[in-house]
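Asker: model the structure of this input:
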Amino acid sequence: MRTHLLFLLLALGACQRNESPPPPAKAPAAATPAPRAPAVVPPVTAGTAKLERGRYLVENVLACGSCHTPRDWSRYGGPTSGPALSGACWDDAAWELPGRVCAPNITSDPEHGIGRWTDEELLRALRDGTGRDGKTLFPLMPFLLYRELSDGDARAVIAWLRQAPATPRAGPRSAIPDEVYAQYKDLAAPTKAAVPEPATDDVSRGRYLATVAQCAACHAGMDEAGTPFVGGRPLPTPHGPEVVSNLTLHARGLGAVDEAAFVARFTAFKDLTPAPARAGQVNKLTMPWGFFAGLAEADLKALYRYLRTVPAVAPTAPSASGK
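Answerer: Take a look at the predicted model:
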């Protein structure tokens with residue numbers, strides 16, 4: 001179980017190292033400015049365009065419901081099985097986690113959801129990784145990647161969650177051993193500068209989508225660096241491991257997949273009737289296909305065009321196309 005957590009942290013760290021620009025050279029101590037405190041967040045206002053953008057991000061790009069909505073893991077693709085965003089727990093044994101990990105209720109319910117949270121508290125959880133209680137969130141919540149979520153998109157997410165139908169559903173809290181918490185507690189950090197919108201060209205937008213949709217982290221390789229997009233890693237599921245695919249231009253990755261076929265992989269899940277999941281078969285449980293099926297065609301094409309810029313690397317293990 002500990003191994004899976006370390007792989008997760010390694011993948012997130014590798015994604016940050018490989019996908020972000022290198023840091024500037026360290027200035028002498030005397031010239032180093034003092035860290036800025038996080039800016040006070042202005043209240044989120046909800047216009048129609050912002051709400052629609054927030055809905056799209058929550059439901060499709062970030063696929064928040066893949067963790068925060070109950071899902072039926074006995075069915076192919078893990079379809080939702082309860083109220084949207086009302087919270088769900090991940091069994092430690094079935095998913096090889098180091099304890100009980102629960103994604104909380106994030107509907108607008110004031111008692112059990114985020115109805116009484118301030119905008120600043122929500123932004124700290126979303127991008128900084130700090131919960132309302134001041135503790136670092138378990139990094140199954142991909143705050144290390146959401147740090148690249150633009151200010152506009154982050155506020156759109158909050159605007160949508162503010163009016164998401166309230167579900168008065170209480171759930172258990174995560175139960176993580178202290179020695180495991182000690183491994184990731186220092187990952188939380190305040191966002192100290194504004195995060196701009198990505199450039200409008202397809203490759204830049206595709207890179208942005210690949211980051212906030214967590215493609216690089218999940219599709220990391222088995223090597224020590226957890227090289228993004230190489231794939232080959234077997235991710236645990238209740239019905240056995242599923243191997244993530246290679247997303248580079250290698251012949252055993254996206255090398256032989258054209259843009260139309262790439263888009264079709266996602267849209268095929270729009271009208272899928274879930275069949276029973278069975279041990280020994282690929283049940284499509286590690287990739288939130290049902291959520292990503294709603295991605296706009298233009299965004300899928302931008303994502304594909306960005307991935308075409310990733311150098312071809314041989315997969316580190318035979319890809320069983322679990323994702």
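
Asker: residue ranges for the helices of this protein, please.
Answerer: 2-19, 48-56, 65-68, 119-123, 143-146, 151-163, 178-184, 202-212, 215-218, 259-267, 289-292, 297-307 (DSSP state H).

Asker: go through those and name the closest to residue 93.
Answerer: helix 2-19 (11.4 Å; Cβ to Cβ). Using the backbone N, CA and C atoms, a C-beta is placed for each residue, glycine as well.

Asker: for residue 212, which non-adjacent residue is closest in space?
Answerer: residue 149 (5.4 Å; Cβ to Cβ, 6 or more residues apart in numbering).

Asker: show the contacting residues for that neighbour.
Answerer: Applying Cβ atoms under 8 Å, 6 or more residues apart in numbering, we find residue 149 in contact with 126-127, 157, 195, 212.

Asker: picking up where we left off before, export the helices of the chain to JSON lines and tack on distance to residue 246 and mean neighbour count?
Answerer: Listed next are these as JSON lines, based on distance: least, Cβ to Cβ, whole Å; neighbours: other Cβ atoms under 10 Å:
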{"stretch": "helix 2-19", "distance to residue 246": "15", "mean neighbour count": "17"}
{"stretch": "helix 48-56", "distance to residue 246": "28", "mean neighbour count": "16"}
{"stretch": "helix 65-68", "distance to residue 246": "22", "mean neighbour count": "21"}
{"stretch": "helix 119-123", "distance to residue 246": "35", "mean neighbour count": "19"}
{"stretch": "helix 143-146", "distance to residue 246": "20", "mean neighbour count": "23"}
{"stretch": "helix 151-163", "distance to residue 246": "28", "mean neighbour count": "21"}
{"stretch": "helix 178-184", "distance to residue 246": "27", "mean neighbour count": "13"}
{"stretch": "helix 202-212", "distance to residue 246": "14", "mean neighbour count": "20"}
{"stretch": "helix 215-218", "distance to residue 246": "12", "mean neighbour count": "24"}
{"stretch": "helix 259-267", "distance to residue 246": "13", "mean neighbour count": "14"}
{"stretch": "helix 289-292", "distance to residue 246": "18", "mean neighbour count": "21"}
{"stretch": "helix 297-307", "distance to residue 246": "10", "mean neighbour count": "19"}
